[in-house]
Every structure is written in C-alpha cells, then in structure tokens.
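# Sequence first, then the predicted structure:
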Amino acid sequence: MAVQRVSIVTGGALGIGGATSHRLARRGDLVLLNDVDEAAAARTAAEISNDGGHCVVVAGDVTDADTVARIAATADELGPVDVLVNNVGDFRPAARDFLHSTPEQWHRMHQLNLAHVLSLTHAVLPGMVERGRGAIVNNATIEALRGIPGHVVYSAYNAGVVAFTKSLAVEVGRHGIRVNAIAPDLADSEQTPAALMIGNRDPDRVRTWVPLGRFGHVDEYARVIEFLTSDAASYVTGHTLPVDGGTLAASGWYARVDGKGWTNFPRHA
C-alpha cells in the first residue's frame, strides 16, 4: 500500500495556493493548508473533503513565529513532511516609488516575501534530511527576474527567494531533497481578477504584451507546482521556472495593435 504524502501549502486557500491545495489533494496527498483567512481556508478544506481528499487547516499568519511553530507541530503529528510549498507573498504594502518608501514598509515586505520562506523551510528541513527525501517549491514572481518600477522592495526580496532556492538546492541535494521555484506573472484569480487589472482599458490590449494573449489561470500555475513536487521532476532542482505566458521572453517587445509585427516602443503598441 502506497504511503500518503504529507504536503504543506502556505496561503493555500485562494488563488494559486488554493489551486495547488486542490491539485495535491487530488493526487492523494494529505494537505496541511495554512492561510491567514480562516474562513476561506475552511471553505477550501471542505471542498477538498467533498472531492474525496484529505486536508488539515492551520490558520494564521505565516510571518508570525507562533504560526510557523504550529504548522511544524501539526506536520509532526500527521507524519513526515514530503512536500513544502512556500506560496505566500504580496506586493503590498506598496509605495509610489522607492524614494517614498519607508523602513516599516521594507520590514513588512521582508516578512511577507522572504523571511517566512526561510523560517518554515528551516523548521521542516531537518525531517526531510533525516529521511533522505523531500521537495520544496517556493513561489517567487516574474518581477524577481526583471525590473518593476514602483515595487522595488518587492522585487528585491523575491530575488532573494530565487537565490535562496538555488543555493539551498546545492546544499541539500546530497540528502535527496529538491528545491525549485516558480515565477508567475499576473494570474486571473479571486485576489487579482483580470477585470480589475484591465480596468477600463481595452481587454484586447492584453495580447500586445502577453505572447500567449491572455492572463494565466490559477490551475496552470498549480499544475507546474504539482509537476515540480512529483517524481516526474526527480532530476530537477535549483531552478526558478517562469510561468508567465511568455512575458519574460518578450523582454520589452510588444505586439502592435494593428497586428503588423512587433515594436519595442510602447507608443506603437
């Protein structure tokens, strides 16, 4: 009889995290779902249960040491942790630009985007090392791989997630542990609906800057996380995989509105 995997997903109630919780549960994992939104976490856990899956909720802010300790303690009760998905991250609180940002903002952004990744990984890693196996996936952002004016601090800490991913993969590979990350661009989700992102602009303009011509769906990101935590990716470690519809590859090139090729001058887009 196959042993059930225990998988931790932070921010696992909504958006990419919610889709990941559903996907890992459908493949048979026991999902330990953490989220700051207790009501949303309960709804997602109920959906997973109704779908025949297994889910345990640890509600709370993963940037708090107490929440990290409760996640780790609950994981110990459930069994060895096989998968850790560090999904939490946010570009808020935001400032108009770096000149107008504050140390208080930097500190909170550090907690939201990098510090908790270190803390929870540090708590879970000893068990993985002891057993000689494990898969960790960190959710960074495509903005860690390109410039993003107005969100300098957010970009910097997510670049830290990318560097942490590479370096930790080198350290723990000899223990049979793989560490990877995804770098999403904007997803059409409950938290960031496409309609809100487009606003009063022409929806057809999306095709001018996303080569695939649309925003990503949360399940498309979750499928990549599922792959990276599966045996199908058993020889993949240390990488950050952009999941962005081709925006990073375009690197500043825009499809012309008239359909006549491409331009790197936005005024023609």
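Alright, I've got the coordinates. Numbering: from 1, shown residues only.

# wait, isn't residue 173 in contact with residue 237?
Yes - the pair residue 173 / residue 237 is scored as a contact, 5.9 Å apart, by CB atoms under 8 Å. All C-beta spots, glycine's among them, are computed from the backbone N, C-alpha and C.

# Between these two, point out the one with more neighbours.
residue 237 (20 against 13; other CB atoms under 10 Å).

# List the residues that contact the closest residue to that one other than its chain neighbours.
Counting by CB to CB, 6 or more residues apart in numbering, residue 237 lies nearest to residue 178, which is 4.0 Å off, once chain neighbours are set aside. Residue 178 makes contact with 134-136, 169, 228, 233-234, 236-237, according to CB atoms under 8 Å, 6 or more residues apart in numbering.

# Pull up the pairing partners for the helix or strand where residue 178 lies, direction included.
Using DSSP states H and E, residue 178 sits within strand 177-184. As defined by DSSP bridges, the strand partners of strand 177-184 come to strand 134-139 (parallel), strand 240-243 (parallel).

# any chance of those strands in TSV, plus distance to residue 102?
Listed next are the strands paired with strand 177-184 as TSV, based on distance: least, CB to CB, whole Å:
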stretch	distance to residue 102
strand 134-139	25
strand 240-243	29
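
# Quick one: low-confidence residue ranges for the stretch 151-269 of the chain.
In the predicted model of the stretch 151-269 of the chain, residues 191, 195, 197-198, 253, 264-269 satisfy pLDDT under 70.

# ok, which stretches of it are strands?
All strands of the stretch 151-269 of the chain, identified by DSSP state E, counting those that start in this stretch, fall at 177-184, 187-188, 216-217, 240-243, 254-255, 262-263.

# Out of the ones you listed, flag the one nearest residue 20.
Closest approach to residue 20 among the strands of the stretch 151-269 of the chain is made by strand 177-184 (10.0 Å; CB to CB).

# Quick check: buried residues in that closest one?
Buried positions in strand 177-184, judged by neighbour count with 16 or more other CB atoms under 10 Å: 177-184.

# Could you do stretch 70-86 as well?
For stretch 70-86, the neighbour count (16+ other CB under 10 Å) marks 70-72, 74-75, 78, 80-86 as buried.

# returning to what we had before: would you tell me which one of the strands paired with strand 177-184 is buried the most?
Mean neighbours per residue, mean count of other CB atoms under 10 Å, is largest over those for strand 134-139, with a mean of 26.

# how far does that strand sit from the chain's center?
9 Å (CA atoms, centre = their mean, to the nearest Å).

# got the CA positions of it in CSV?
The C-alpha coordinates for strand 134-139 follow below in CSV (Å, rounded to 0.1, in the frame of the first residue of the first chain):
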residue,chain,number,x,y,z
GLY,A,134,11.7,15.9,0.1
ALA,A,135,10.5,18.5,-2.4
ILE,A,136,10.3,22.2,-1.8
VAL,A,137,8.7,24.7,-4.1
ASN,A,138,8.9,28.5,-3.5
ASN,A,139,6.5,30.9,-5.2
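
# which other residues reach it?
Contacts for strand 134-139 (CB under 8 Å, 6+ apart): 11, 16-17, 81-89, 117, 121, 124-125, 127-128, 161, 164-165, 168, 175-182, 184, 225, 228-230, 233.

# now stretch 8-20
21, 24, 31-37, 40-41, 43-44, 62, 71, 75, 81, 83-89, 116, 120, 124, 139, 184, 187, 189-192, 218-219, 221-222, 225-226.

# Now do the end-to-end distance for that stretch.
End-to-end span of stretch 8-20 (CA to CA, to the nearest Å): 10 Å.
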